[in-house]
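Chemist: Kindly generate the corresponding structure for this input.
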Amino acid sequence: MSGTQTGDQTRNQAGDPTSRALARLEEAVERLAEAAAQPRQVAASGEGMSGEGVPRAAVAAIADRLDETIARLRAALGEDQ
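Modeler: Numbering: from 1, shown residues only. Alright, predicted model coming up:
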């Protein structure tokens, strides 16, 4: 993120709580994407690795946490899966 706010971000700060929460969620996802894009050291054997040296178990754990978070959000919004 560039540190400058878009019109949407400015409106969300003054908007309803749902809009502000959505903006924070989008910012958090952006930070996760930026962190995931950072180069990492690759283990010598490369075993159990995915992408740029991210252990598969870590990727699976993050995916599970995101799935659980999305399920809670859907439930809070009353959206059936």
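Chemist: The helix or strand where residue 33 lies: which residues count as buried?
Modeler: Element membership for residue 33 (DSSP states H and E) is helix 17-37. Buried residues in helix 17-37, defined by neighbour count with 16 or more other Cβ atoms under 10 Å: residue 23. No exception for glycine: its C-beta is placed from N, CA and C like everyone else's.
Chemist: Which other helices and strands does it contact?
Modeler: Applying 3 or more Cβ pairs under 8 Å, 6 or more residues apart in numbering; DSSP states H and E, one finds that helix 17-37 makes contact with helix 7-14.
Chemist: what is the mean pLDDT for the helix it packs on?
Modeler: Mean pLDDT, helix 7-14: 56.
Chemist: and the angle from the strand or helix carrying residue 57 to helix 17-37?
Modeler: Taking DSSP H and E as the criterion, residue 57 maps to helix 56-77. Following axes from the mean of the first three to the mean of the last three Cα atoms, to 10 degrees, one obtains 170 degrees for the angle between helix 56-77 and helix 17-37.
Chemist: tell me which strands and helices helix 56-77 is in contact with?
Modeler: Secondary-structure packing of helix 56-77 (3+ Cβ pairs under 8 Å, 6+ apart): strand 49-50.
Chemist: let's go with 10 Å and repeat that
Modeler: Helix 56-77 makes packing contacts with helix 17-37, strand 49-50 when contacts are defined by 3 or more Cβ pairs under 10 Å, 6 or more residues apart in numbering; DSSP states H and E.
Chemist: now the ones you listed in CSV, with mean pLDDT?
Modeler: As requested, those are exported to CSV (pLDDT from 0 to 100):
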stretch, mean pLDDT
helix 17-37, 88
strand 49-50, 52
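Chemist: Please consider this matter closed, and thank you.
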